[in-house]
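Q: Generate a structure from the sequence data that follows.
(one chain, ligands or ions: 2)
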Amino acid sequence: MKQMRQVSVRLAGRENYEIEIGANALARVGDTARRSLSPHARRVAVVSNARVFKLYGAGVLRDLRAAGFAVSHWLMGDGERHKNLRTAERALAFFSESKLERTDAVVALGGGVVGDLAGFAAAVYLRGIGFLQVPTTLLAQIDASVGGKTAVNTREGKNLIGAFHQPRAVVISTATLATLPTRELTAGWCEAIKQGAVGSRPLFEQTRRFLVAEQTGEAARELERASRRADELAELIAAQCSFKAKIVSADEREDVSRTDARSRRILNFGHTTAHALEAVTRYRRFRHGEAVGYGMLVAAEISNRLGMLAASELESLRACVQLAGRLPRADDLDERAILRAIASDKKSVGGHVRWVLLERIGRARIVSGQEIPPRVVRAALRAALAGSLTDEKRG
Ligand code: NAD
Ligand code: GLY
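A: Numbers count the residues shown, from 1 in each chain. Ligands and ions are numbered 1, 2, ... in the order given. You can find the predicted model right below:
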């Protein structure tokens with residue numbers, strides 16, 4: 001087996017948990033479950049969806065059984081619209097039918113939708129049982145599976161009902177990304193760029209270098225090169241997880257009173273506009289990460305117009321987002337509708353939107369919407385959304 005990487009997530013007053021990363025990490029799910037769960041754990045319930053399960057389910061089940069667990073599995077519908085309370089209720093019924101006890105556990109095998117839903121159900125079943133994240137999208141591997149945010153959507157909005165419930169371990173197989181559709185990769189890369197942009201220039205540069213090599217088509221031409229790339233990918237994902245782990249350790253519950261440059265809130269960079277873009281297009285046009293791609297540019301344009309961010313830094317960010325892949329067009333959307341949606345952002349504090357802006361690549365600053373003139377937001381929106389990131393414009 002190729003080299004595995006490990007990242008620890010440290011939690012105040014509780015046991016740390018490990019993130020294991022490697023091309024063949026799926027073959028370690030059983031072992032990891034044994035090590036990280038209670039010694040009394042006997043049953044494991046796997047939650048996935050049909051698409052992911054068909055690709056990776058049989059191997060995961062086999063591995064868990066070989067580690068001595070009684071394993072059952074249940075498949076939820078594929079897509080954001082299934083991440084709701086009704087599905088959570090069905091997951092809970094499945095846990096009961098599987099006779100899970102308090103020392104037993106849930107394994108979430110899939111993208112962020114499966115991870116959020118299964119994690120939420122594990123958080124409330126018997127007031128909380130253990131769960132393992134086995135993320136299979138880039139976005140889930142670098143972001144959603146790490147840090148214990150679990151949630152479901154309601155008619156009123158995304159992730160409005162949820163719980164902080166940390167997994168017992170995260171097992172990341174980078175090989176699963178080989179089957180991921182291009183748009184999902186683009187969405188994941190946007191979130192990866194975000195993590196570097198708000199907190200670490202070296203991470204931003206490492207991500208950018210990886211994307212440049214992808215673009216120049218150097219990837220996977222011969223065997224040795226392909227294996228080196230796989231290793232670079234695992235290293236990059238480990239660096240991304242390590243960054244997120246540090247932020248989570250220092251501010252696990254996203255303390256609303258914190259506005260410093262290391263608070264968990266900085267991970268919402270790009271999200272104020274992203275949520276608005278998703279809402280005005282009724283969640284049909286953008287993958288979430290794609291909307292974050294535009295959202296980061298809007299926030300960076302605002303930062304630049306407020307004299308906080310150098311033009312060269314804005315340009316670096318724009319160039320990097322371009323490397324992530326093509327984004328659906330955004331220049332035809334109703335500006336006033338976007339502004340209205342921004343004003344009702346659910347992450348507001350005391351009725352005011354809190355923008356995550358940039359001082360430079362690697363350093364964020366949280367600013368109240370009251371301090372930003374509306375004309376600056378309008379101009380930033382126009383500049384960022386009319387950018388040349390779309391299918392047509394990039395040919
Ligand atoms: P997703 O879970 O919908 O997965 C995207 C698509 O890829 C789905 O159709 C899925 O079936 C498919 N898929 C997954 N793995 C695959 C593979 N290896 N090969 C082929 N197809 C595969 O989307 P996502 O982007 O992973 O997650 C988005 C969700 O994550 C949102 O609900 C968002 O709110 C949530 N999220 C949570 C956190 C958190 O901290 N909890 C952070 C970011 C996002
Ligand atoms: N994805 C943002 C967070 O985990 O806080």
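
Q: Residue 366: how many residues sit nearby?
A: 18 (other CB atoms under 10 Å). C-beta: built from backbone N, CA, C; applies to glycine.

Q: again, but for residue 66
A: The burial count for residue 66: 12, using other CB under 10 Å.

Q: show me what contacts the residue nearest to it when sequence neighbours are not counted?
A: Leaving aside its sequence neighbours, residue 66 sits nearest to residue 30 (CB to CB, 6 or more residues apart in numbering; 5.4 Å). Contact analysis of residue 30 by CB atoms under 8 Å, 6 or more residues apart in numbering lists 63-67, 69.

Q: ok, now how distant is the residue in the stretch 251-395 of the chain that ligand 2 sits nearest to from residue 364?
A: Using CB to the nearest ligand atom, residue 267 is the residue of the stretch 251-395 of the chain that sits closest to ligand 2, at 3.9 Å. From residue 267 over to residue 364 the distance is 9 Å, taken as CB to CB, to the nearest Å.

Q: Same check on residue 110?
A: 30 Å.

Q: The helix ranked longest in the chain and ligand 2, any residue contact?
A: Ranked by residue count under DSSP state H, the longest helix found in the chain is helix 223-250. No: figure legend: helix 223-250 not in contact with ligand 2 (CB under 6 Å from any ligand atom); closest approach 7.0 Å.

Q: wait, does the next helix or strand along the chain from that helix contact ligand 1?
A: For helix 223-250, the succeeding helix or strand toward the C-terminus, using DSSP states H and E, is helix 271-280. No: Helix 271-280 lies out of reach of ligand 1 by CB under 6 Å from any ligand atom, never closer than 9.4 Å.

Q: and the host helix or strand of residue 107, what does it pack onto?
A: Using DSSP H and E, residue 107 maps to strand 105-110. For strand 105-110, the packing partners by 3 or more CB pairs under 8 Å, 6 or more residues apart in numbering; DSSP states H and E come out as helix 29-36, strand 43-49, helix 50-66, helix 112-124, strand 130-135.

Q: For the second one, which outside residues touch it?
A: Same thing as strand 43-49. Counting by CB under 8 Å, 6+ apart, 33, 57, 60-61, 64, 69-78, 82, 91, 94-95, 98-101, 104-110, 113-114, 117-118, 121 sit against strand 43-49.

Q: Of the residues you listed, keep whichever come out buried.
A: Neighbour-count burial (16 or more other CB atoms under 10 Å) is assigned, among the contacts of strand 43-49, to 33, 57, 60-61, 64, 69, 71-76, 78, 82, 91, 94-95, 98, 100, 104-110, 113-114, 117-118, 121.

Q: next one: phi and psi at residue 139?
A: Torsion angles at residue 139 (phi, psi; degrees, to the nearest 10) stand at phi -60, psi -40.

Q: now do residue 170
A: Torsion angles, degrees, to the nearest 10, at residue 170: phi -130, psi 130.

Q: Any idea what it is bridged to?
A: When assigned by DSSP bridges, residue 170 has beta-bridge partners residue 19, residue 133.

Q: Could you measure from it over to residue 4?
A: In terms of CB to CB, residue 170 sits 13 Å off from residue 4.

Q: residues in the stretch 51-200 of the chain within reach of ligand 1, list them.
A: Looking at ligand 1, the residues of the stretch 51-200 of the chain close enough under CB under 6 Å from any ligand atom are 51-52, 55, 78-80, 83, 110-114, 116, 136-137, 139-140, 143-144, 147, 149, 158-159, 176, 179-180, 184, 187.

Q: Buried among those residues? Make that a PyMOL selection.
A: The PyMOL selection below is limited to those of those classed as buried (16+ other CB under 10 Å):
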select buried, resi 52+78+80+83+110+111+112+113+114+116+136+137+139+140+143+144+147+149+158+159+176+180+184+187
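
Q: from the residues of the stretch 51-200 of the chain next to ligand 1, which are also near ligand 2?
A: Near ligand 2, by the rule CB under 6 Å from any ligand atom, you find 143, 147, 149 out of those.

Q: So which of the residues you listed belong to strands?
A: residue 149 (DSSP state E).

Q: Return the member of the ones next to ligand 2 among the residues of the stretch 51-200 of the chain next to ligand 1 nearest to ligand 1.
A: residue 149 (3.7 Å).

Q: Give me the pLDDT for the closest one.
A: At residue 149, the pLDDT value in this model is 98.

Q: cool, the one 5 residues further on as well?
A: Looking at residue 154, its pLDDT is 91.

Q: Name the nearest residue to it, ignoring sequence neighbours.
A: residue 160 is the one closest to residue 154 (CB to CB, 6+ apart), at 5.0 Å.

Q: contact partners of the helix or strand hosting the one you found?
A: Assigned by DSSP H and E, residue 160 belongs to strand 157-164. Residues from elsewhere that reach strand 157-164 (CB under 8 Å, 6+ apart): 80, 85, 116, 120, 123-124, 148-154, 252-253, 275, 278, 346.
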